[in-house]
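Visitor: What would the 3D arrangement of this be:
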Amino acid sequence: MKFAIIIPASMESKRLPGKPLLSIGMYTLLQRTIITAGYTEVEKIVVASSSMAVEDNCAGHTTHFSSQKSHHSGTSRCAEALSVIDPSIELIVNWQVDEPFLEPRHVNQLVEMVASWTPEERATTIGTIVGPGGGDACPHCTYGYIQSGRGSGPCMECYGGHSRHVVKAAISHIPNQCYWFSRAPIVGAYNHVGVYCYHRELLKKLGKIKQSRMGNIEGLEQLDWLSHGYKIMHHAIDSNPLSINTFHDYEKAVRGFSR
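Guide: Numbering: from 1, shown residues only. Below is the predicted model:
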């Protein structure tokens with residue numbers, strides 16, 4: 001089944017302001033995401049942003065859609081950009097600039113999973129990607145708290161699976177289904193990868209739903225979807241890509257390209 005990729009690009013990230021236009025090597029994070037997305041079986045790639053700087057950065061790379069500045073989530077920004085996607089393309093992938101190093105084959109596999117669902121399932125279910133839980137071991141903490149006489153407050157040095165910058169996905173006994181997401185540690189959880197796939201009609205609905213109490217507390221739109229009765233099914237991959245959520249992640253990526 002044909003699919004399109006929409007990359008929502010906001011310059012107002014609280015954890016890493018200006019993220020889309022930060023450079024790693026010869027390319028910005030946005031450009032790297034566009035280039036990687038181009039290696040999938042995609043029909044069309046669109047960047048959705050309200051930033052003129054982002055629009056300029058798309059020149060020569062892909063189509064830019066000028067979205068409204070005020071959006072409560074990347075999904076609502078993607079829903080607005082549907083107007084430039086051919087109606088014959090039923091499946092839409094939301095690929096965030098947090099994930100410039102995700103392997104294209106994993107996105108193809110995610111789309112194949114969603115395409116295999118019945119029409120009823122595609123009307124109520126979102127597909128996403130998860131990787132192994134745990135992340136990098138942190139020598140300073142156990143489940144988010146500093147140990148060994150360094151105090152008992154939240155661990156500010158942890159960038160592994162215990163970090164609040166790593167979203168965790170809890171998996172239910174129903175095959176492939178996610179029943180909860182959190183920034184806090186969850187025993188046995190997977191690491192969530194910031195890519196979604198949905199039917200375009202479902203995307204329209206998700207773009208309009210109100211933020212839930214738990215979604216607001218955690219800052220996670222996945223909880224808004226679950227609270228409104230939608231389902232989230234995952235495609236599991238065997239290793240986590242380097243996600244760019246914080247300046248620490250960005251520095252790590254830059255160091256990797258400078259060697």
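Visitor: Hmm, D238 is touching P132, no?
Guide: Yes. Counting by Cβ atoms under 8 Å, D238 touches P132, with 7.1 Å between them. Every C-beta, even on glycine, is put in place using the N, C-alpha and C of the backbone.
Visitor: ok, which stretches of the protein are helices?
Guide: Using DSSP state H, the helices of the chain run over residues 29-37, 52-58, 74-81, 104-115, 119-122, 200-206, 213-218, 221-227, 247-258.
Visitor: got JSON lines for those, with mean pLDDT too?
Guide: Converted to JSON lines, these look like this (pLDDT from 0 to 100):
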{"stretch": "helix 29-37", "mean pLDDT": "96"}
{"stretch": "helix 52-58", "mean pLDDT": "93"}
{"stretch": "helix 74-81", "mean pLDDT": "90"}
{"stretch": "helix 104-115", "mean pLDDT": "97"}
{"stretch": "helix 119-122", "mean pLDDT": "95"}
{"stretch": "helix 200-206", "mean pLDDT": "96"}
{"stretch": "helix 213-218", "mean pLDDT": "89"}
{"stretch": "helix 221-227", "mean pLDDT": "95"}
{"stretch": "helix 247-258", "mean pLDDT": "83"}
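Visitor: of all those helices, which lies closest to I186?
Guide: Ranking the helices of the chain by distance to I186, with Cβ to Cβ as the measure, places helix 213-218 first at 11.8 Å.
Visitor: Relative to the whole chain's centre, how far out is stretch 37-51?
Guide: 14 Å (Cα atoms, centre = their mean, to the nearest Å).
Visitor: May I have the distance across that stretch, first residue to last?
Guide: Start and end residues of stretch 37-51 are separated by 21 Å (Cα to Cα, to the nearest Å).
Visitor: Same question for stretch 98-110.
Guide: End residues of stretch 98-110 are separated by 17 Å (Cα to Cα).
Visitor: Show me what counts as buried in it.
Guide: 98-102, 106-108, 110 (16 or more other Cβ atoms under 10 Å).
Visitor: and if you look at stretch 192-203?
Guide: Those would be 192-200, 202-203, for stretch 192-203 by 16+ other Cβ under 10 Å.
Visitor: before we move on, back to that, could I get the helices of the chain as TSV with distance to I89?
Guide: Below are those laid out as TSV (distance: least, Cβ to Cβ, whole Å):
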stretch	distance to I89
helix 29-37	14
helix 52-58	19
helix 74-81	12
helix 104-115	11
helix 119-122	14
helix 200-206	7
helix 213-218	28
helix 221-227	22
helix 247-258	31
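Visitor: before we move on, the earlier item: tell me which two in the buried residues of stretch 98-110 are the farthest apart.
Guide: Maximum pairwise distance among the buried residues of stretch 98-110 (Cβ to Cβ): 19.3 Å, between D98 and N108.
Visitor: lowest confidence element among the helices and strands of this protein?
Guide: The helix or strand of the chain with the lowest confidence, counting by mean pLDDT, DSSP states H and E, is strand 145-146 at a mean of 38.
Visitor: Just give the closest residue to the residue most central in space within the chain, not the sequence neighbours.
Guide: Among the residues of the chain, the one closest to the centroid is G194, at 1.7 Å (Cα atoms, centre = their mean). In this structure, G194 finds its nearest non-sequential neighbour in Q96, 4.0 Å apart by Cβ to Cβ, 6 or more residues apart in numbering.
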